[in-house]
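Participant: coordinates for the following, if possible.
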Amino acid sequence: MFSSLRSIHAPSTKLKIFRTFNVITLLAFFSLNVYSLVISPSSIDICNKYPTYFTPSLIFVGIFWSILFFLQFSFTFYAQFNDVRIVQEVVGNFVSRWFYVSNLFMCGWLFFWMRESFILSGICVFMALTSTAIVQNHLTAQYITNHALIPTSVISFIHIPFSMFAAFSFFLLFHNGFVYLSQQGYEKNIYSAIISASFLTIYSILWCTTGIFSKGRRDFIFSLTIAWSLLGVSFQQKEDSFLSDTICLLALSQLFVVFFIIFKNCSKATKNTTRSGERESLFQHRMNFYGGIIVDNWYKPPINDDQPAEVV
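Facilitator: Just a heads-up that it's a prediction; the model follows:
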């Protein structure tokens, strides 16, 4: 019934081009990151030169980038080279060109950041956010993960890095704005940092509760990344107890909502009884990757497919 989804297909010319540019641009962005850390002044020196109330801890940022680069390299050198048909469709149609486009914009962000041109770096971050958000929305709204059909490792290396990157780009856009204001000599304001953190919290909670931005499909990874970023800000600003505690409370509220929904959905999943032996073998995991319930007709085969798969 779902045999054509797991069939092996030779990659198209378009997919080969995407794969090549993905490899080149990721290596370029990673190399530029390493270079920016070893030269003087480094990207960290520039960050320390313009302190803000919205600057995250370098420990939290370092842990985040280590995980994200691992997942991005796993996607680039492993997941995207999977020749299973449905994986090729996800990479070719949903990820498409947007991964290497976002990498190019992030290279631009780092280039202008090192030259302290924060307006231009902010524009690059915004464009990178837009490119990554397109992929995230496609994956969340148009593609429902089913563990019985797709290997967990491939799911993780496609979905997780794009959700993480989209969330952190959103956070980075705010931080870039605070750095620009610091460069222009504006007095630091605690309440502007709290308002920004509150906005990110509301946006994050909407992602993991209503799925308002993705046709009702939730994205817990996005919310967890925003929470982690705000915890980094809270840790960095620990000298100001009011600011640190407030932002920490906002981050913890996100974590509470995320894990409450996960626990609630898992409880519902264990109570649901299967209606037939066939359905039990196909849909063992009733909760999808983003916290929603897997629907039965989640996949729509292409119209011109030689051997279309029927969804019963």
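Participant: could you use CA atoms for every contact and neighbour count after this?
Facilitator: Will do.
Participant: which residues of the stretch 51-200 of the chain score low on pLDDT?
Facilitator: 142-154, 187 (pLDDT under 70).
Participant: got the contact list for the residue nearest to Leu230 when sequence neighbours are not counted?
Facilitator: Among residues not flanking Leu230 along the chain, Ala251 sits closest, at 5.8 Å (CA to CA, 6 or more residues apart in numbering). Counting by CA atoms under 8 Å, 6 or more residues apart in numbering, Ala251 makes contact with 201, 226-228, 230-231.
Participant: counting neighbours, which of these comes out on top?
Facilitator: If you count neighbours using other CA atoms under 10 Å, the busiest of the contacts of Ala251 is Leu230, which has 29 neighbours.
Participant: pLDDT score for it?
Facilitator: Note on Leu230: pLDDT of 96.
Participant: give me the contacts around the helix or strand harbouring it.
Facilitator: Under the criterion of DSSP states H and E, Leu230 resides in helix 220-236. Residues from elsewhere that reach helix 220-236, judged by CA under 8 Å, 6+ apart: 53-61, 160, 163-164, 166-168, 171, 197, 200-201, 204-205, 207-208, 243-245, 247-248, 250-252, 254-255, 258, 290-291.
Participant: helix 220-236 and the strand or helix carrying Phe69, what's the angle between them?
Facilitator: Assessed by DSSP H and E, Phe69 sits inside helix 58-77. In terms of direction (axes from the mean of the first three to the mean of the last three CA atoms, to 10 degrees), helix 58-77 departs from helix 220-236 by 150 degrees.
Participant: which element follows helix 58-77 toward the C-terminus?
Facilitator: helix 85-89.
Participant: where's that following helix relative to the chain centroid, distance-wise?
Facilitator: What separates the centre of helix 85-89 from the centre of its chain is 20 Å, taken as CA atoms, centre = their mean, to the nearest Å.
Participant: same check, this time on stretch 117-128
Facilitator: 18 Å.
Participant: pull out the buried positions in that stretch.
Facilitator: 118-128 (16 or more other CA atoms under 10 Å).
Participant: neighbouring contacts of that stretch?
Facilitator: Contacts of stretch 117-128 (CA under 8 Å, 6+ apart): 101-103, 105-106, 108-113, 169-170, 172-173, 176-177, 179-180.
Participant: state the distance from Lys39 to Leu110.
Facilitator: Actually, residue 39 is Ile rather than Lys. 13 Å (CA to CA, to the nearest Å).
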